[in-house]
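> Structural data only, the sequence is not supplied:
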């Protein structure tokens, strides 16, 4: 058992013929997921028979967390699997007591041939600049770890964005620019053939006309604000919108990071990114407790919190789509024409 890469390297003489258990304590997702992704190859380099990794979560519910891993080029493809945090802690106590730990692995993993899936795309056409697009959505796939998974990651995400667009449509709101909904396919699989890459490939000629991309993929708890990645002029515009309008629905925080997995391809091509920021701890303990497990079911979803996302997403995307000028792309700073205050309109959530 090792707690980090440094400990693995220091114990490399003892690894050959053993099972290595990576037991890193939770700091954040990006730090912990490195062991799941690369642990097998790092252990195989020193002759390990197999690798186990502590589930990538701040706390478990006696459920393993699924996720992707990769084998390094030329590395032996040794078996690897996640275990619950409870089991990892038990092994740590046993090792501390000086017990010899024997584990028998019976893994029956296999990879099936590729198949086709589809993005789901539809739009509310703009009245004045229909060729200019605000893309908004979440991903439609999830890990298959049980009969009711993927409610928070990311069923709630794409459904709240869908409902935001439906809310605007049903209340007669038609902005100047096109609001285009997308439910991306294949985000969890994550390779060059997934829905995000396919969207950019198929819409290459339109990318210059994409004004912003909004993605919801970090949960649908109570909305407190939005994350943003883009240029300084666009950020000032977001701050103005936040203070004048988003503050009225108590979600006026604008964070510095709007990046999500599916929107990243568009960001690389100059499109500003936005995401929702919801009520959670700094290291997102609620989200990552259920993330990629059998526990990610509708039982953890709160309809009022989901509605707060629907309303906030509807307000923000409508205002962006109805501006006199665009928010400006990330590769250049454009001067925008200050927007005129909108006439208040009521929205019915029915």
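Structure received. Everything quoted here is computed from the prediction, not taken from an experiment. Residues are numbered from 1 along each chain as shown.
> make it CA atoms for all contacts and neighbour counts henceforth
Noted.
> quick one: the helices in the stretch 201-350 of the chain?
232-244, 264-268, 285-290, 303-321 (DSSP state H, counting those that start in this stretch).
> Any chance of JSON lines for the ones you listed, columns mean neighbour count?
Converted to JSON lines, those look like this (neighbours: other C-alpha atoms under 10 Å):
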{"stretch": "helix 232-244", "mean neighbour count": "17"}
{"stretch": "helix 264-268", "mean neighbour count": "18"}
{"stretch": "helix 285-290", "mean neighbour count": "21"}
{"stretch": "helix 303-321", "mean neighbour count": "21"}
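> Please tabulate these in a markdown table, including the columns distance to residue 92 and mean pLDDT.
Shown next, in a markdown table, are the helices of the stretch 201-350 of the chain (distance: least, C-alpha to C-alpha, whole Å; pLDDT from 0 to 100):
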| stretch | distance to residue 92 | mean pLDDT |
| --- | --- | --- |
| helix 232-244 | 47 | 92 |
| helix 264-268 | 38 | 94 |
| helix 285-290 | 21 | 94 |
| helix 303-321 | 38 | 97 |
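> between those helices, which gets nearest to residue 219?
Checking the helices of the stretch 201-350 of the chain against residue 219 by C-alpha to C-alpha gives helix 285-290 as the closest, at 6.3 Å.
> Could you count how many residues lie near residue 12?
The local packing of residue 12 (other C-alpha atoms under 10 Å) involves 15 other residues.
> try the one 5 residues further on
Neighbouring residues of residue 17 were enumerated by other C-alpha under 10 Å; the total is 12.
> Same question for the one 5 residues further on.
Other residues within reach of residue 22 by the criterion other C-alpha under 10 Å amount to 27.
> Would you mind confirming that residue 235 makes contact with residue 228?
Yes: using C-alpha atoms under 8 Å, residue 235 is in contact with residue 228, at 7.4 Å.
> What sits closest to residue 293 if chain neighbours are left out?
The shortest distance from residue 293 to any non-neighbouring residue, by C-alpha to C-alpha, 6 or more residues apart in numbering, is to residue 65 (5.0 Å).
> if I read this right, the one you found contacts residue 58, doesn't it?
No: the pair residue 65 / residue 58 is not scored as a contact, 11.1 Å apart, by C-alpha under 8 Å.
> more crowded one of these two?
Neighbours around residue 65 and residue 58, counted as other C-alpha under 10 Å, are more numerous at residue 65. The numbers are 26 against 20.
> mind checking the SS state of the more buried one?
Per DSSP: H, G, I helix; E, B strand; the rest coil, the secondary structure class of residue 65 is coil.
> Looking at it now. What's its pLDDT?
For residue 65, the model assigns a pLDDT of 92.
> got it, and residue 328?
63.
> just checking, residue 272 touches residue 211?
Yes: between residue 272 and residue 211 there is a contact under C-alpha under 8 Å: 7.2 Å.
> okay, those two: which has more neighbours?
Of the pair residue 272 and residue 211, residue 272 is the one with more neighbours under other C-alpha under 10 Å, namely 28 against 22.
> what's the closest residue to residue 64 other than its chain neighbours in contact with, if anything?
Nearest non-adjacent residue to residue 64, counting by C-alpha to C-alpha, 6+ apart: residue 84, 4.9 Å away. The contact partners of residue 84, taken as C-alpha atoms under 8 Å, 6 or more residues apart in numbering, are 54-55, 60, 62-65.
> what does residue 142 give?
Residue 142 neighbours (C-alpha under 8 Å, 6+ apart): 149-150, 153-154, 188, 292.
> Using CSV, lay out these together with pLDDT and secondary structure.
Converted to CSV, the contacts of residue 142 look like this (pLDDT from 0 to 100; DSSP: H, G, I helix; E, B strand; the rest coil):
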residue, pLDDT, secondary structure
149, 84, coil
150, 94, coil
153, 96, helix
154, 96, helix
188, 92, coil
292, 93, coil
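> Tell me the one of the residues you listed nearest residue 166?
residue 154 (18.5 Å).
> from memory that closest one sits against residue 187, does it?
No: taking contacts as C-alpha under 8 Å, residue 154 lies outside contact range of residue 187: 9.8 Å.
> What strands line up against the longest strand belonging to the chain, and which way round?
If you go by DSSP state E, the chain has its longest strand at strand 129-139. Partners of strand 129-139 in the sheet, by DSSP bridges, are strand 177-184 (parallel), strand 210-215 (parallel).
> Burial check on the nearest residue to residue 226 once chain neighbours are set aside, number of neighbours?
Excluding its sequence neighbours, the residue lying closest to residue 226 (C-alpha to C-alpha, 6+ apart) is residue 276, at 4.5 Å. Each residue near residue 276 was counted by other C-alpha under 10 Å, and the total is 28.
> Could you verify my assumption that residue 276 touches residue 222?
No: applying C-alpha under 8 Å, one finds residue 276 not in contact with residue 222, separated by 9.9 Å.
> Overlap in contacts, the two.
Shared contacts of residue 276 and residue 222, counting by C-alpha under 8 Å, 6+ apart, come down to residue 309.
> still on that earlier bit, looking at the contacts of residue 142, spot the one nearest residue 299.
residue 149 (10.4 Å).
> wait, that closest one sits on residue 143?
Yes: with contact defined as C-alpha under 8 Å, residue 149 reaches residue 143; the gap is 7.2 Å.
> So these two - more neighbours on which side?
residue 149 (23 against 19).
> Give me the common contacts of residue 149 and residue 143.
With C-alpha under 8 Å, 6+ apart as the test, residue 149 and residue 143 both reach 292-293.
> Give the burial count for residue 195, as a bare number.
25.
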